[in-house]
Every structure is written in C-alpha cells, then in structure tokens.
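Student: just the structure for this:
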Amino acid sequence: MPKKPRPPLDLARLRQDIVFRDTLLGHELTFHTTWGLFSPKAIDDGTRLLLEHLEVRPDDRAIDLGCGYGPLGLAIARAAPHGSCLMVDKDFVAVEYANANARRNAVDNAHAMLSDGLRHIPDQTFTLAVTNLPAKTSKEHYYLFFNDIFDHLEPGGRFYVVVISGLRQFIARAFDEVFGNHRKVKQGRQYTVAMAQRDGAR
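Tutor: Model prediction:
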C-alpha cells in the first residue's frame with residue numbers, strides 16, 4: 001500500500017512565540033520564547049537548580065552570561081530591587097527576546113546586550129555573576145571566561161555556575177586556579193552548582 005502523505009506542518013503556528021509562566025526566586029514571570037533558543041518551552045533543570053541555591057542581595061549589580069531569553073537575569077533583577085542585572089548573549093535573537101521579556105514583565109533594572117562572553121561589555125564591575133555553562137565547549141574557552149569574570153568582579157563578588165555534574169571536578173580545579181577558592185553549593189544527579197568569590201587582586 002502506498003504511504004499516506006504526511007499532513008502539512010502548521011508553519012504559521014510554529015512561527016508564533018512560545019509563551020509560559022513560572023515562579024522564579026519567588027516572583028511570577030511571563031516568558032515569550034521561540035524555536036532555536038535554549039529550552040524554549042520551559043525553564044531547564046540546570047537553571048532551576050541554580051536559582052534554588054542562589055543568594056541574591058537587594059543591591060547586587062549582577063551579570064547573567066549567556067542569558068538566552070532571560071530567566072536568570074530577570075529573576076535576579078526582581079530579587080535585587082536596589083541593584084541591576086546586565087544580561088549578555090552572543091545570539092541577537094536571545095538578546096531581543098530577553099529585552100522584550102524585561103519590558104513585558106516591567107523589570108526596569110535589567111537589560112540585555114550582544115556580547116561574546118564579556119568581550120563587548122562596557123568597562124564596569126559587578127558584585128554577582130551567574131551562568132548556565134554550556135557543556136560542549138573547550139576547557140581553554142572556560143579559562144578565558146573565568147579570567148574575564150574575575151576581572152569584572154568587585155572584591156567580595158560572587159560567581160555562581162551550574163554545569164553538568166561530569167564537569168564538576170574540572171570546575172573545582174579551574175576555580176581554585178583562577179579565584180583561589182571553590183565551593184560546591186549543590187550536586188544533583190545531572191547538574192552541579194558551584195561558586196567562587198573574588199577575595200582581592202590577583
């Protein structure tokens with residue numbers, strides 16, 4: 001028997017924004033996303049684990065690296081009403097969605113900009129840095145990333161990462177080398193949250 005033709009895809013529906021709500025750091029937020037962005041249908045497990053173990057101070061000046069459509073950055077900005085959060089991503093679509101989500105949720109103390117890591121950000125410092133580290137990149141890339149973050153943190157500034165648990169020992173070594181300290185905040189079956197603190201000059 002001849003195969004039945006597949007029903008045509010509803011391309012118009014696929015081009016529409018994906019919309020969902022979630023409560024992050026105690027604040028309900030609405031997110032619009034699209035296909036091609038990371039975890040477009042829901043908050044991913046790594047980001048959720050990081051948020052569950054993240055300390056945000058009311059006056060933190062934070063940076064969210066690899067912000068995607070903005071879940072980490074917007075949650076932090078809401079939790080830091082006397083501070084701010086700069087969200088950066090190398091994908092212009094992610095930056096557009098992060099800024100639109102900031103406006104949509106009336107989060108006035110967060111904005112997103114295009115940057116390859118910290119290479120294109122203004123000359124400014126932060127008290128908090130967060131990132132959901134990509135698993136598929138080189139260790140050399142990680143070291144560049146960590147050293148750039150060190151240079152942009154104020155003394156006492158904290159750097160939180162979530163990473164697949166298979167990389168936790170590398171993260172511990174790299175943090176000790178770059179920051180001189182490392183703390184495993186939470187280890188789950190799939191993901192580990194770790195943090196380091198800038199204690200002073202190199």
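Student: rest of the way, CA atoms for contacts and neighbours
Tutor: Fine.
Student: do a quick rundown of the helices in this protein.
Tutor: 11-14, 45-52, 71-79, 92-104, 139-152, 168-178 (DSSP state H).
Student: to residue 22, which of these lies closest?
Tutor: helix 71-79 (9.3 Å; C-alpha to C-alpha).
Student: run the chain-centre distance for the closest one.
Tutor: Offset of helix 71-79 from its chain centre (C-alpha atoms, centre = their mean, to the nearest Å): 10 Å.
Student: the longest strand in this protein is where?
Tutor: strand 153-164 (DSSP state E).
Student: which stretches of the protein have low pLDDT?
Tutor: Low-confidence segments of the chain, defined by pLDDT under 70: 1-2, 4-5, 7-8, 200-202.
Student: one more time with 80
Tutor: 1-10, 122, 135-136, 200-202 (pLDDT under 80).
Student: can I get the helices of the chain in a markdown table including mean neighbour count and distance to residue 37?
Tutor: Formatted as a markdown table, these follow (neighbours: other C-alpha atoms under 10 Å; distance: least, C-alpha to C-alpha, whole Å):
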| stretch | mean neighbour count | distance to residue 37 |
| --- | --- | --- |
| helix 11-14 | 9 | 13 |
| helix 45-52 | 18 | 14 |
| helix 71-79 | 27 | 12 |
| helix 92-104 | 20 | 7 |
| helix 139-152 | 16 | 21 |
| helix 168-178 | 17 | 25 |
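Student: quick one: closest of these to residue 30.
Tutor: Comparing these by C-alpha to C-alpha, helix 92-104 comes nearest, at 7.3 Å.
Student: can you check what angle separates the closest one from helix 71-79?
Tutor: 30 degrees (axes from the mean of the first three to the mean of the last three C-alpha atoms, to 10 degrees).
Student: off-centre distance for helix 92-104?
Tutor: 14 Å.
Student: ok, and what's touching it?
Tutor: 30-33, 37, 67-70, 74, 87-89, 108, 110-114 (C-alpha atoms under 8 Å, 6 or more residues apart in numbering).
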